[in-house]
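> Model the structure of this input:
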Amino acid sequence: MVARQPALAFLFAPTYSACNLYVVSAGGGRLQAATHFRDFSLDPNTPSWSSDGRRLAATSFPHGDELQTDLRLVDGTRVARLTTTPDAAESDPAYSRTGRLAYSRTNAFVDQVVIRLPSGAEKVVAQGREPTWAPDERRLAYVRDGALYVRAVAGGGERMVVPRELNASDPAWSPRGDLIVFTNHSARGDTLDVVRADGGELRVLGRLLRRRMGWSSRRGRATGNAWRSCSRCSGAACRRATTAPARS
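The predicted structure follows:
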């Protein structure tokens, strides 16, 4: 399952059975099943493409127990379990441009931002959830208790760029690494906001139906994608269509 041309990945649960991962050409065509789970389902907020379009990381959980999640790697026709931490739940996988993987781990009610090192070992870099890599891979943005933070991967202090009163989620970096777009869950409703990576010039871009942020790689424009039913699936539950990166 390599995206040799522009493709979309999404989750589909026909007749409320296990939620599996499917891929389809962005120009249309037949659906291709990438996973064939029966006792497990994939979380609606996944998958995450690697930058070369060869792999997808996704959160999975056994039926009836959505708190016991782990990460699965879909690489061609192979599906491998990435995490096996006892009494912990992993989610929010995010690839960097060179294929480094960051994700969230919840253990004893504590949320941690974890990165996987080239050796296969893991490194906890912060407390929080929903990590996303800066284009230079030197920084991570993440959320904790509604606030948005930025931290250097190599270490040092974290910077709060958005206060917790905005109840931020779904951060995504601009291609130049100078801006971060996120969902603002305020009492007035959900909005798509953007802030400088140093915490300055907070702006509201527009209102949202549902959450899921991203950036156009060509023009650097922020986008917000609503969750909708898919006509191809006859109204069945499709979640988060995500475009595969173009391969060089």
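> Wait, a helix at Glu165?
Yes: assessed with DSSP: H, G, I helix; E, B strand; the rest coil, Glu165 lies in a helix.
> ok, the closest residue to it other than its chain neighbours - how many residues close by?
With C-beta to C-beta, 6 or more residues apart in numbering as the criterion, Glu165 has its nearest non-adjacent residue at 7.1 Å, and that residue is Gly146. Any C-beta I mention is one placed from the backbone N, CA and C, and that applies to glycine too. Counted with other C-beta atoms under 10 Å, residues neighbouring Gly146 total 15.
> if I pick Gly146, what's in contact with it?
163-168, 185 (C-beta atoms under 8 Å, 6 or more residues apart in numbering).
> 10 Å instead?
Applying C-beta atoms under 10 Å, 6 or more residues apart in numbering to Gly146 gives the contacts 162-169, 184-185.
> for stretch 120-132, the distance to its chain's centre please.
Taking the mean of its C-alpha atoms, stretch 120-132 sits 13 Å from the chain's own mean (C-alpha atoms, centre = their mean, to the nearest Å).
> tell me which residues of it are tucked away?
Residues 122, 125-126, 128-132 are the ones in stretch 120-132 that count as buried (16 or more other C-beta atoms under 10 Å).
> Among the residues you listed, which ones are in strands?
Among the buried residues of stretch 120-132, the members falling in strands (DSSP state E) are 122, 125-126, 129-132.
> is it true that Arg54 touches Ala7?
No: the pair Arg54 / Ala7 is not scored as a contact, 11.6 Å apart, by C-beta atoms under 10 Å.
> of the two, who's got more company?
A count of neighbours by other C-beta under 10 Å puts Ala7 above the other of Arg54 and Ala7, at 22 against 18.
> is it true that the more buried one touches Ala26?
Yes: using C-beta under 10 Å, Ala7 makes contact with Ala26 at a distance of 5.9 Å.
> Could you report the distance from the closest residue to Asn20 other than its chain neighbours to Ser60?
Leaving aside its chain neighbours, Asn20 sits nearest to Thr35 (4.6 Å; criterion: C-beta to C-beta, 6+ apart). Thr35 is 8 Å from Ser60, where distance means C-beta to C-beta, to the nearest Å.
> Compare neighbour counts for those two and give me the winner.
Neighbours per residue, other C-beta under 10 Å: of Thr35 and Ser60, the larger number sits with Ser60, 27 against 21.
> Would you mind giving the secondary structure of that one?
Counting by three-state DSSP, the backbone at Ser60 sits in strand.
> surely it meets Arg38?
No: using C-beta under 10 Å, Ser60 makes no contact with Arg38, being 12.0 Å away.
> Which residues are in contact with each of the two?
Joint contacts of Ser60 and Arg38 (C-beta under 10 Å, 6+ apart) are 18, 20.
> list the buried ones in stretch 109-117?
111-116.
> which one of these is nearest Leu140?
Val113 (6.4 Å; C-beta to C-beta).
> Just the pLDDT for the closest one.
For Val113, the model assigns a pLDDT of 96.
> and it, what helix or strand is that in?
Applying DSSP states H and E as the criterion places Val113 in strand 110-116.
> Measure how that strand sits relative to strand 129-133, angle-wise.
Calculated by axes from the mean of the first three to the mean of the last three C-alpha atoms, to 10 degrees, strand 110-116 forms an angle of 30 degrees with strand 129-133.
> got the angle for strand 110-116 vs strand 122-127?
Going by the same axes, to 10 degrees, strand 110-116 makes 140 degrees with strand 122-127.
> returning to what we had before: highest neighbour count among the contacts of Gly146?
Most surrounded of the contacts of Gly146: other C-beta under 10 Å gives Ala168, at 28 neighbours.
> so what strands line up beside the helix or strand that Gly206 is a member of?
Taking DSSP H and E as the criterion, Gly206 maps to strand 203-207. Each strand paired with strand 203-207, and its direction, by DSSP bridges: strand 189-196 (antiparallel).
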